[in-house]
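In: okay, here's the prediction I keep looking at, along with the sequence it came from:
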Amino acid sequence: VVKEFGFTHLSTGDLLRAEAASGSEQGQRLSAIMSKGELVPDEEILAMLKTAMDRSGANKFLLDGFPRKLEQAFKFEQQVGACSFCVSFDCSDETMKRRLLKRGETSGRADDADEATIATRIQTFHDESEAAIDFYERLGRLRRVDAEQDEETIWAQVRAFFQPRVVFVTGPPGAGKGTQCAKIAARYGYEHVSAGDLLRAEVARGSTDGATIERLIRNGQLVPDDLTLKVIQRAISRSASNAFLLDGYPRTMKQALAFEHAVAPCEFVLNLSCPDGVCRERLVAAFERLA
C-alpha cells in the first residue's frame with residue numbers, strides 16, 4: 001500500500017519497541033508491559049502516534065496495530081481525526097499462533113517466541129480489540145480481509161480497498177469542464193485534477209520531467225502518454241483525497257486503457273457535449289477578457 005498508493009506506514013508496535021530499545025525510563029516501563037503481553041496505556045500510544053504523524057510531514061497514514069481497543073478508537077477520532085476506513089485481517093487463532101512462532105525464529109522478539117505470551121496476546125485481541133473492529137463495522141467503515149489465504153490473494157483484496165475513485169471528465173475546449181469540475185468538487189468532495197495544469201506545474205517546478213515536457217512543448221511535440229500518466233499518478237498518490245475528477249484526460253483510447261491498467265478503473269465518464277459554434281464563442285470571449 002505504501003509503494004503503490006503513497007501512504008506512510010506507522011506501526012504502534014514499532015514505535016513502542018523503538019522507545020523500549022532506547023533504554024529510557026519510559027522505554028524500560030514499556031518493555032516490562034509488552035513482555036507480559038499486556039496493553040500499553042492509551043495516552044502514551046496516542047502521544048507517540050501524534051508525534052510521529054507530525055514529524056513525517058505526510059498526509060496519508062496506515063496505522064498498523066491501532067486501535068487495539070474501543071477507547072483508543074474514540075480518543076483518536078476525537079483528538080486527531082476520523083479514519084477513512086478500518087481494515088481487519090481475519091484469521092483463526094491457530095493461524096495466528098503458527099505465524100507468530102514462525103516469525104519468532106528470525107524476528108528476535110521475545111513475545112513471538114513464547115507460546116504462553118502468544119496465547120495472552122491472542123486472548124487480549126479477542127477481549128479488547130474486537131470491540132474496536134465492531135465499532136467501525138457499525139459506522140460502515142470496516143473492510144474485512146480473509147487473511148487465511150496466500151500473500152498475493154490477500155493483496156488483491158487489500159488493493160481493491162485503496163484504489164482511488166476516478167471520474168473522467170471529457171468534452172471539447174470551451175464545453176465548461178473546469179467550471180463544472182469546480183462545482184462538483186465543492187459539492188461532492190472530489191479533487192479536480194487537470195492533466196494540462198499538472199504538466200504546466202511540472203515545468204514550473206523545474207524538475208527533470210518538467211524540462212522534458214517544456215522542450216517537447218517548445219518544439220510543438222506532444223508529451224508522451226507514459227510521461228503524462230506518470231505525472232498524473234504522482235499527483236494522485238500524493239493527494240490526501242481518494243476521489244478524483246480527471247479533466248482533459250484521457251484524450252485517446254490508448255490513454256484510457258493505460259490509466260485503467262496502471263491506476264484504477266474509472267467509475268464513469270462525464271462527457272460535456274457542446275456545439276462547435278458555442279465553444280468558439282466562449283473561447284473567443286475568454287480570450288478577449290484576458291486581453
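Out: Everything's here; your move. Everything numeric here is computed off the predicted structure, so don't read it as measured data.
In: quick check: buried residues in stretch 17-29?
Out: By neighbour count on 16 or more other C-beta atoms under 10 Å, the buried set for stretch 17-29 is 17, 19, 20, 27. Every C-beta, even on glycine, is put in place using the N, C-alpha and C of the backbone.
In: looks to me like the third one is in a strand.
Out: No. The assignment for residue 20 (DSSP: H, G, I helix; E, B strand; the rest coil) gives helix, which keeps it out of a strand.
In: what is the burial count for the nearest residue to it once chain neighbours are set aside?
Out: In this structure, residue 20 finds its nearest non-sequential neighbour in residue 31, 3.9 Å apart by C-beta to C-beta, 6 or more residues apart in numbering. Residues lying near residue 31 (other C-beta atoms under 10 Å) number 17.
In: now residue 31: how far from residue 95?
Out: Using C-beta to C-beta, to the nearest Å, we find residue 31 at a distance of 27 Å from residue 95.
In: do the same with residue 283
Out: 62 Å.
In: where do the helices sit along the stretch 1-150 of the chain?
Out: 2-5, 12-21, 25-35, 42-56, 70-79, 93-107, 110-113, 115-124, 130-138 (DSSP state H, counting those that start in this stretch).
In: lowest average confidence across those, which one?
Out: Set side by side, the helices of the stretch 1-150 of the chain give their lowest mean pLDDT on helix 110-113, at a mean of 73.
In: so what secondary structure elements neighbour that one?
Out: Contacts defined by 3 or more C-beta pairs under 8 Å, 6 or more residues apart in numbering; DSSP states H and E place helix 110-113 against helix 25-35, helix 93-107, helix 115-124.
In: adding distance to residue 73, write these out as TSV.
Out: Converted to TSV, the helices and strands packed on helix 110-113 look like this (distance: least, C-beta to C-beta, whole Å):
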stretch	distance to residue 73
helix 25-35	20
helix 93-107	21
helix 115-124	16
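In: closest to residue 159 out of the buried residues of stretch 17-29?
Out: Residue 159 has its nearest neighbour among the buried residues of stretch 17-29 in residue 17, at 28.1 Å by C-beta to C-beta.
In: coming back round to it: and which of the buried residues of stretch 17-29 is nearest to residue 105?
Out: Using C-beta to C-beta, residue 17 is the member of the buried residues of stretch 17-29 that lies nearest residue 105, at 17.8 Å.
In: which residues sit in contact with the closest one?
Out: By C-beta atoms under 8 Å, 6 or more residues apart in numbering, the contact list for residue 17 reads 34, 109.
In: give me the distance between it and residue 204.
Out: Distance, residue 17 to residue 204, by C-beta to C-beta: 43 Å.
In: now residue 82
Out: 34 Å.
In: enumerate the positions of stretch 187-201 that are buried.
Out: So for stretch 187-201, counting by 16+ other C-beta under 10 Å, buried means 190, 191, 192, 193, 194, 195, 198, 199.
In: mind checking the end-to-end distance for it?
Out: Length of stretch 187-201, first residue to last, C-alpha to C-alpha, to the nearest Å: 25 Å.
In: next one: stretch 189-208
Out: Span of stretch 189-208 from end to end, C-alpha to C-alpha: 32 Å.
In: what's the closest of the helices of the stretch 1-150 of the chain to residue 249?
Out: Closest among those, using C-beta to C-beta: helix 2-5, at 19.4 Å.
In: sort out which residues of the closest one are buried, please.
Out: Applying 16+ other C-beta under 10 Å to helix 2-5 flags residue 5 as buried.
In: OK, contacts around residue 132?
Out: With contact set as C-beta under 8 Å, 6+ apart, residue 132 has these partners: 67, 68, 69, 70, 72, 73, 86.
In: go with 7 Å
Out: By C-beta atoms under 7 Å, 6 or more residues apart in numbering, the residues touching residue 132 are 67, 69, 70, 72, 73.
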